[in-house]
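>>> Structure of the sequence below:
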Amino acid sequence: MTLREKIQAILKLRSITPAQLGKAAGISRPTMSRIMRGHIPSGETLARIAEALEVSPGYLRGGYTLPAHLTEEDIMTLADLRCVPYLRLVREMAERGVTVGEMRELMNIMKKKD
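The predicted model follows:
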């Protein structure tokens, strides 16, 4: 999946437009338009887009990492669950652009079941 496709998928999931993303990330309309046509942005611009989307720059570049805003406590909660299927689920959610808040909600549900 290309950078443009990843951004488009997250925008669709969150029901926001590229213009709204650009505004949230502090990126001009022309720059956002170029990115949505397939232009690869600078590292700084990519980081601002990732922050606005609540995903890691690594995810947008093509590698997998958990969302940048998960805290150490969040990671420890996942480790304490000691259940590989849950960890795989969280990884898949992160890859699809699920927000940190949604992940935390899932973790709270998982805690209650233990």
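
>>> remind me, longest helix of the protein?
helix 100-113 (DSSP state H).

>>> Return the set of buried residues in it.
Neighbour counts over helix 100-113 (16 or more other Cβ atoms under 10 Å) mark Val100, Met103, Arg104, Leu106, Met107, Met110 as buried. Every residue, glycine included, has its C-beta placed from N, CA and C.

>>> how far away is the last one from Met103?
Think Met110. Distance, Met110 to Met103, using Cβ to Cβ, to the nearest Å: 10 Å.

>>> confidence score at Glu92?
Predicted confidence (pLDDT) for Glu92: 72.

>>> Please identify which helix or strand holds it.
Glu92 belongs to helix 84-95 when elements are defined using DSSP states H and E.

>>> repeat for Val55
Counting by DSSP H and E, Val55 is part of no helix or strand.

>>> Surely it touches Ile10?
Yes: Val55 is within contact range of Ile10, at 6.9 Å (criterion: Cβ atoms under 8 Å).

>>> Between these two, which contacts overlap?
Gly97 (Cβ atoms under 8 Å, 6 or more residues apart in numbering).

>>> Among those two, which residue is more densely surrounded?
Val55 (26 against 23; other Cβ atoms under 10 Å).

>>> And that one, its phi and psi?
phi -130, psi 170 (degrees, to the nearest 10).

>>> what's the spacing between it and Arg48?
From Val55 to Arg48 the distance is 12 Å (Cβ to Cβ).
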